[in-house]
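> Prediction below, plus the sequence it came from.
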2 protein chains.
Amino acid sequence: MSNLQEQIHAIGARARAASRQLAALTAAQKADILHAMADELGARSHALVVANADDLARAETNGLSKAALDRLRLTENRIAEMAAGICQVASLPDPVGEILREWTPPNGIRITKIRTPIGVIGIIYESRPNVTSDAAVLCLKAGNAVILRGGSEAISSNLAIADALQAGGARAGLPESAVQLIPTTDREAVKIMAQMDGFMDVIIPRGGHSLIEHVVTHARMPVIKHYDGICHVYVDRDADCAMARDIAINAKCQRPGVCNAMETLLVHRDIASRFFAAAAPAFSAYPVEMRADPEAFQLLAGLGYKPLRKADEQSWRTEYLDLILSVRVVDSLDEAVAHIEEFGSHHSDAIITADPAAAEKFLSGVDSATVYWNASTRFTDGGEFGFGAEIGISTDKLHARGPMALEELTSYKYQIRGTGQTR
Amino acid sequence: MSNLQEQIHAIGARARAASRQLAALTAAQKADILHAMADELGARSHALVVANADDLARAETNGLSKAALDRLRLTENRIAEMAAGICQVASLPDPVGEILREWTPPNGIRITKIRTPIGVIGIIYESRPNVTSDAAVLCLKAGNAVILRGGSEAISSNLAIADALQAGGARAGLPESAVQLIPTTDREAVKIMAQMDGFMDVIIPRGGHSLIEHVVTHARMPVIKHYDGICHVYVDRDADCAMARDIAINAKCQRPGVCNAMETLLVHRDIASRFFAAAAPAFSAYPVEMRADPEAFQLLAGLGYKPLRKADEQSWRTEYLDLILSVRVVDSLDEAVAHIEEFGSHHSDAIITADPAAAEKFLSGVDSATVYWNASTRFTDGGEFGFGAEIGISTDKLHARGPMALEELTSYKYQIRGTGQTR
């Protein structure tokens, strides 16, 4: 076994031991621990900014983009937000111990299906250091030990945050090693984590496609993937053009860099002229670059729309995360659904229509985590769903699909109470 | 791409297409299809026995054990049982479309969490040909296409059963390629299946440890594992000795070859003499070979118990699946729980006690799929739980834990109905 492997396995073994203690904590104990963590983050605010300055200096030397530097930056204000986020999670109901179902079959044993922690959760993420705190507190609230592996560019910030959480939590009874951060930036560490299924029950990669691919290729334990969002808005024949315009603008422009933003707009032929006439000025004002199929291109060019380009096959498979939009005119609802099934990423897709039958057909026919009728795809979010917090948006179909929050960080077991029953 | 890979991928692509049609079937349509499948199995009963004779002849030449030959054998009676099993699944409520939760957060969108099929399910199994029918109908009932890969020794029987299911179902509207059996016995096929995550949403290996390991090592999609059952019965200080004896005998002897049978018996020191005196004659009558730790060995030897051997470290980690039992005397409930956590497989574990506080401590402290108080571990079974049927017992903690039936063969999605909401 290599030194690195020994080091990571030791972290795993400590997490497994901590998870047994965590599972026995009461809701009140966990709330106390979370508040103590928030206090400690606040108390160390200046030290965290100093640690973050190391990362920022290195990042500037390495020529990171302005946007990347902004994601990496910690300010006293952002640290206060992280602490407030922890207090919010502390105030949520404890998912552990919830009785999911209870019944007595004819054999007379009493079966209780009860929510439990999962055990040990591994989280792999990239640049934003606040994920260190957000992910750790969600895992803890659900009674799990967590092993964090952040991006190398944020290593100083992440170590400082993890240390603050562990030190603050310890004062309120947090078991040792309940929150651990992998201290090395060696990429091999991710592979070792992904293979230590004896110590870790699930691994959650959050980040770019190649990171997720790397984890999927090597993982021996369950992976909950947070892949791309290639989200669609379909403007049906019977749409209200003003509503369709407002939703399409919101879905594309309110925050284009996120996974629930629209990437492709599908428009029914019968409404295309009217819709483009209503929507083009709003899109052009941003401006949104349209990559249009021949029919949409002709209509938009006729309206003098700019910036305008021709779409190609690759356009339908692209997550721009930018003010760029693929546009296609379709013959029918069926063609829209078929397009979404072929090119989409099964994340969030919307139909805009006044026709309830068309809407229901879309809602049942599109196999995506979240399907919308007359609302923006931007609502796919734990906060908007009322979950209080989220670990991300799962693009998987097993265990967790769509916004992933506290409940999705739990498992269950069956407790059976008998009076001597045998088979 | 190899020829085999092309062939398996083509099966995957057809299954994906079929899954879209299956998801749109109503409960009544699925029930009709299942009844037609059962009818066809019955009508082809003689032909199935003939196909099975091929497998049996090959197996005898290859020197399979009597028990293995018995698992492989199809009789008219067993075929009638398979058909009856299908009709039972047909009569169960349709899980698809069930509304799991419905709410309206402050943003005004109406969110419905609704149960959906998973899509395409791969099942890898070993010798018993009835699994071909059981697994296929459960997957179909939950709206999924299924790709089956049975053991090479049952290939003729499995092909004949799959053909009967597909032909019978087709008469009642089953989409083509909804049920497909991998027609080759090449082991490479399992690896190809496990890696085609574009076509298959989950893979479920049922069988020996090396088969499951092979799948876990290669899989890119979620795996639901059905590992060993190293199940414990702990006889607490305050147990009723007669109840403890009856449950221990039942858990070990009623069907020793199954995963929910007891493999290790733990006995509190304070009750050990009395318990062994009460239970030894019953165990000896079978006879059950005891592999005992020094203290249990001394007590059992003092009672003249036979057959008796000394346990070693490996005993606690062994799934005998036979009339052999590891026995250990413990100091306390805590020591029993620690033993189970260290050596058990988190499947099914029981405490026998008249003390409710001890029982509750055990039920919450033992991290197993099913934990029992005063009942036999043999109840870990979809039928006994009232699920009507089961695909197996999951030893995983994500998505499905314990008896896995129709609900565990489904996913969910969020349908959102708005009136023009944007963020």
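Alright, I've got the coordinates. Keep in mind it's a predicted model, so treat the numbers as computed, not measured.
> Counting neighbours, what do you get for A:Ala53?
Other residues within reach of A:Ala53, judged by other CB atoms under 10 Å in any protein chain shown, total 14. The way it works is simple: take the backbone N, C-alpha and C, and place the C-beta from them, glycine included.
> Check what contacts the helix or strand it falls within and list those residues.
Using DSSP states H and E, A:Ala53 sits within helix A:45-61. With CB atoms under 8 Å, 6 or more residues apart in numbering or on different chains as the test, helix A:45-61 has contacts from A:41, A:68-69, A:72-76, A:79-80, A:129, A:153-157, A:159-161, A:164.
> ditto for stretch A:210-220
Applying CB under 8 Å, 6+ apart, the contact partners of stretch A:210-220 are A:124, A:126, A:190-191, A:194-197, A:203, A:205, A:223, A:225-227, B:197, B:216-217, B:220.
> which among these end up buried?
Neighbour-count burial (16 or more other CB atoms under 10 Å in any protein chain shown) is assigned, among the contacts of stretch A:210-220, to A:124, A:126, A:190-191, A:194-197, A:203, A:205, A:223, A:225-227, B:197, B:216, B:220.
> Pull the contacting residues for the residue of the stretch 101-250 of chain A found nearest chain B.
Proximity of the stretch 101-250 of chain A to chain B (CB to the nearest CB) peaks at A:Asn250, 3.6 Å away. Contacts for A:Asn250 (CB under 8 Å, 6+ apart) come out as A:376, A:378, B:422-423.
> before we move on, what about A:Ser376?
A:247, A:250-251, A:254, A:350, B:418, B:421-423.
> Let's see that with 6 Å instead.
Applying CB atoms under 6 Å, 6 or more residues apart in numbering or on different chains, we find A:Ser376 in contact with A:247, A:250-251, B:422-423.
> Identify the residue with the minimum pLDDT among these.
Least confident entry in the contacts of A:Ser376, by pLDDT: B:Arg423, with 95.
> my guess is it meets A:Thr380, correct?
No. The criterion here is CB atoms under 6 Å, and B:Arg423 misses it with A:Thr380 at 10.4 Å.
> Can I get the longest strand seen in chain A in CSV? Just the C-alpha atoms.
Longest strand in chain A, counting residues (DSSP state E): strand A:410-421. C-alpha atoms of strand A:410-421 as CSV (Å, rounded to 0.1, in the frame of the first residue of the first chain):
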residue,chain,number,x,y,z
THR,A,410,-30.2,9.4,4.8
SER,A,411,-30.9,5.7,4.4
TYR,A,412,-33.4,3.6,6.3
LYS,A,413,-33.7,0.3,8.2
TYR,A,414,-36.4,-2.0,9.3
GLN,A,415,-36.9,-2.4,13.1
ILE,A,416,-39.0,-5.4,13.9
ARG,A,417,-40.7,-6.1,17.2
GLY,A,418,-42.1,-9.5,17.9
THR,A,419,-43.3,-11.8,20.6
GLY,A,420,-41.4,-14.9,19.8
GLN,A,421,-42.4,-15.3,16.1
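> A:Asn77 and A:Lys66: what is the separation?
19 Å (CB to CB, to the nearest Å).
> try A:Ala354
For A:Ala354, the distance to A:Lys66 equals 43 Å [CB to CB].
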